[in-house]
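Asks: sharing a model prediction with you, sequence too.
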Amino acid sequence: MKSIRTLLYKDFLILIRDKWGLGLLFAMPMALVLIMTAMQDTTFRSLYETGINLVLLNNDLDSLGNAVEKEISGSGIFNCNTSINGHRPIESEIREAVAAGRYQIGIIIPANTTSRIRERVKTSMENIFSGSGVNPGKTDSIYITLLLDPAIRSSLRTYIQSKISEYASKIETRFFLNELTLEINRQMIVSVANLNLLQPQTVTCREELVAFGNRIAIPNTAQHNVPSWTLFAMFFIVIPFAGAMIKEREDGNLERLLAMPASYGSIMISRVLVYLVVCFLQFVLIMAMGVYLFPLLKLPSLVIAGRMPDLAAMAVFASLAAVSYGIAIGTMAHTHQQAAIFGSVSVMILAALGGIWVPVFIMPPFLKSLSVISPMNWALNGFYDILVRNASLSGVIHYGVRLVLFSLAAILAALYFNRIRKGLT
């Protein structure tokens, strides 16, 4: 026990000797999380189709135009504007504003759109009851103009077109039933009520977000970026960790340590404990930044809501996996260049497969199947289950078990390669 305390003190002194390097271990991940969250905030809002700038010119000022304007203004999806520079725009001004990128969408509803629909329905109804058939003759099409930024999402374009078509169809159906009621009442002795009363909307969609404990949590950029880039920072510690191990070996300090009454396992335990503390402090600082700093910068706040013990346990599992991976690389690599190249590239690959860069659900099928081999994916899923799906530690313990097994495999690999190196020397 005394030897482990001495080794811990030695590793702690080595760690704080390079104060600038130690500071960067904490400052760089925090800066990365802050920058990525700020950059992706608008992207996530675009993903959820919110905050899209739209300009609307309603020249109809009747049923259809007013219904479209009311729906768009109250949808919460668009920043709907009916004026440009304080005045009602003309069509050419809307085209210029959309082309310049000031608005992503422009909608122009022609004058008399509703009245033209009403007249077409009335003419069709008269033809039906006069025996002329359903063909009302040649009629001009009615166009509602959509002016779109070329970079607009195709799903958003489809949404707008379907909504406008939906309201046009509803209004046309209403007019049709009104005219049908009038014609029936003209030709029958007993009048009937307006047939629109027979058309209540009885089927609607009810949306619910499902989470453990019947609690609702809506994912945001903070809930994505804080755990993602915390894991990335934890695993990227393998580079300075492996470098310190190689330097200790090259300087002959490892041989002198082994000459003391301390085993190689004790040396490994000391290193694991010291860097576990470093990784856990990274986690705590980034979590605190998400909770307290993000709201001050008008970014989505990280809502923990009493789940810190579960998150801390998952962070310990992830830290253990990261540190053990660093031990394996530091043992297997012969030079600083090997450790730096293999360590950085392998961490990048594990991050890419694990869903740090791109969410797993949009990956091609063969990459989805490969994502299960990444320890970052296990840890990230554990964080997501806790933060977004309100799972408890017992619900994510299987991810923790995987991370512990990965850690044991990495340490056993380090011990095996250390034995081979001793045999070669």
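Replies: Happy to help now that I have it.

Asks: what is the burial count for residue 322?
Replies: 31 (other Cβ atoms under 10 Å). C-beta coordinates here come from the backbone N, C-alpha and C atoms, glycine included.

Asks: how far off centre is stretch 31-40?
Replies: Offset of stretch 31-40 from its chain centre (Cα atoms, centre = their mean, to the nearest Å): 13 Å.

Asks: next one: stretch 409-424
Replies: For stretch 409-424, the separation from the chain centroid amounts to 40 Å (computed by Cα atoms, centre = their mean).

Asks: could you do stretch 62-79 as well?
Replies: Chain-centre distance of stretch 62-79: 28 Å, with Cα atoms, centre = their mean.

Asks: identify the residues contacting that stretch?
Replies: For stretch 62-79, contacts defined as Cβ atoms under 8 Å, 6 or more residues apart in numbering pick out 49-54, 56, 58-60, 80, 82, 105, 107, 109, 112-115, 117, 144, 159, 163-164, 167-168, 170-171, 174.

Asks: looking at the residues you listed, which are in strands?
Replies: 52, 53, 54, 56, 58, 80, 105, 107, 109 (DSSP state E).

Asks: and the buried ones among those residues, selectable in ChimeraX?
Replies: Listed next is the ChimeraX selection for buried residues among the ones in strands among the contacts of stretch 62-79, using 16 or more other Cβ atoms under 10 Å:
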select :52,53,54,56,58,80,105,107,109
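
Asks: how about the ones in strands among the contacts of stretch 62-79 in TSV, adding pLDDT and distance to residue 315?
Replies: Formatted as TSV, these follow (pLDDT from 0 to 100; distance: Cβ to Cβ, whole Å):
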residue	pLDDT	distance to residue 315
52	74	37
53	81	40
54	86	42
56	89	48
58	89	53
80	85	43
105	86	43
107	89	48
109	88	54
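
Asks: dump the ones in strands among the contacts of stretch 62-79 into a markdown table; add distance to residue 250 as well.
Replies: Below are those laid out as a markdown table (distance: Cβ to Cβ, whole Å):
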| residue | distance to residue 250 |
| --- | --- |
| 52 | 58 |
| 53 | 59 |
| 54 | 63 |
| 56 | 70 |
| 58 | 76 |
| 80 | 66 |
| 105 | 62 |
| 107 | 69 |
| 109 | 75 |
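
Asks: tell me the one among the ones in strands among the contacts of stretch 62-79 nearest to residue 390.
Replies: Set against residue 390, the nearest of the ones in strands among the contacts of stretch 62-79 by Cβ to Cβ is residue 52 (30.1 Å).

Asks: nearest to residue 329 among the ones in strands among the contacts of stretch 62-79?
Replies: Looking across these and measuring by Cβ to Cβ, the closest to residue 329 is residue 52, at 45.9 Å.

Asks: ok, that closest one - contacts?
Replies: Neighbouring residues of residue 52 by Cβ under 8 Å, 6+ apart: 46, 77, 78, 79, 104, 105, 156.

Asks: give me the buried entries from these.
Replies: Buried members of these, counted by 16+ other Cβ under 10 Å: 46, 77, 78, 104, 105, 156.

Asks: okay, who's weakest in the residues you listed by pLDDT?
Replies: The pLDDT minimum for the buried ones among the contacts of residue 52 sits at residue 46, where the score is 51.

Asks: pLDDT wise, what is residue 382 at?
Replies: pLDDT recorded at residue 382 is 91.

Asks: contacting residues around it?
Replies: Contacts of residue 382 were listed using Cβ under 8 Å, 6+ apart, and they are 314, 317, 318, 396, 399, 400.

Asks: give me the secondary structure label for residue 317.
Replies: Using DSSP: H, G, I helix; E, B strand; the rest coil, the structure places residue 317 in helix.

Asks: and the helices in the stretch 101-250 of the chain, which stretches?
Replies: For the stretch 101-250 of the chain, the helices defined by DSSP state H, counting those that start in this stretch occupy 113-130, 154-187, 221-236, 238-250.
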